[in-house]
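1. when you get a sec, could you give me coordinates for this:
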Amino acid sequence: MNPLADQYEKQFKACVILPGKKAVVQKAAARILANRARYEALAQTFTRLPWWVVGILHSLECNGRFDQHLHNGDPLTARTVNVPAGHPKKGKAPFTWEASARDAIITDGLDLVTDWSPGSALIALELYNGPGYRRRGVPSPYLWSFTDQYKAGKYTADGKYDPKAISQQAGCAALMKLLLPS
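-> So this is what the prediction gives:
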């Protein structure tokens, strides 16, 4: 395992969902579980991709909506406009959620990940969103929001960082705590 995966693994094992946010995380996890069959069907088109990765990305990028691109939450009625713009590269709009999600997974190389242990999964999920927080030395809210590992600091738009902004959605680690077998 690499040192960052080791660090994230330790943080994941130690992190605690904030008591005041537990109900929100439970609701998001329940929505993911309600769509598990759809996530499993998509994940099975790849060799090693776990269904819960698809579900967590769908929660974070689209708030669980199936009318948005998994890439970034843009509407499926056209190619993506926000980063990454112009996806899916193939096909015609309107896109199905599954076709767009496959493109997002391949574009970000998640289909090539072979280690989905918690530490390595958190690295892959962080890279999906972008490593900007790590470069700043700030815990990524994409990973750690609603856990004791995150306090503040958030990109409020592509390339616009606000050290005082606080994420209002459950991060990957909080969701993983409820979705992964213990």
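2. list the residues that contact D103.
-> Contact analysis of D103 by CB atoms under 8 Å, 6 or more residues apart in numbering lists 71, 87-90. For every residue, glycine as well, the C-beta is placed using N, CA and C.
3. can you give the distance of the strand or helix carrying it from its chain's centre?
-> Assigned by DSSP states H and E, D103 falls within helix 97-107. Here helix 97-107 is found 14 Å from its chain centre; the criterion is CA atoms, centre = their mean, to the nearest Å.
4. can you pull the buried residues of that helix?
-> Judged by neighbour count (16 or more other CB atoms under 10 Å), helix 97-107 contains these buried residues: 97, 100-105, 107.
5. distance of the residue sitting furthest away from the middle of the chain relative to C62?
-> Relative to the C-alpha centroid of the chain, counting by CA atoms, centre = their mean, K92 is the outermost residue, at 25.5 Å. Counting by CB to CB, to the nearest Å, the separation of K92 from C62 is 21 Å.
6. where does the protein have low pLDDT?
-> Scanning the chain for pLDDT under 70 picks out 1.
7. again, 90 this time
-> Applying pLDDT under 90 to the chain flags residues 1, 47, 157-159, 181-182.
8. ranges for the strands of it?
-> 154-157, 160-162 (DSSP state E).
9. ok, the residue positioned nearest the centre of the chain - contacts?
-> Most central in the chain under CA atoms, centre = their mean is L57, positioned 3.3 Å from the mean C-alpha point. Contact analysis of L57 by CB under 8 Å, 6+ apart lists 70, 104, 125, 128.
10. switch to 10 Å and redo it
-> 32, 39, 70-71, 101, 104-105, 108, 110, 125, 128-129, 172 (CB atoms under 10 Å, 6 or more residues apart in numbering).
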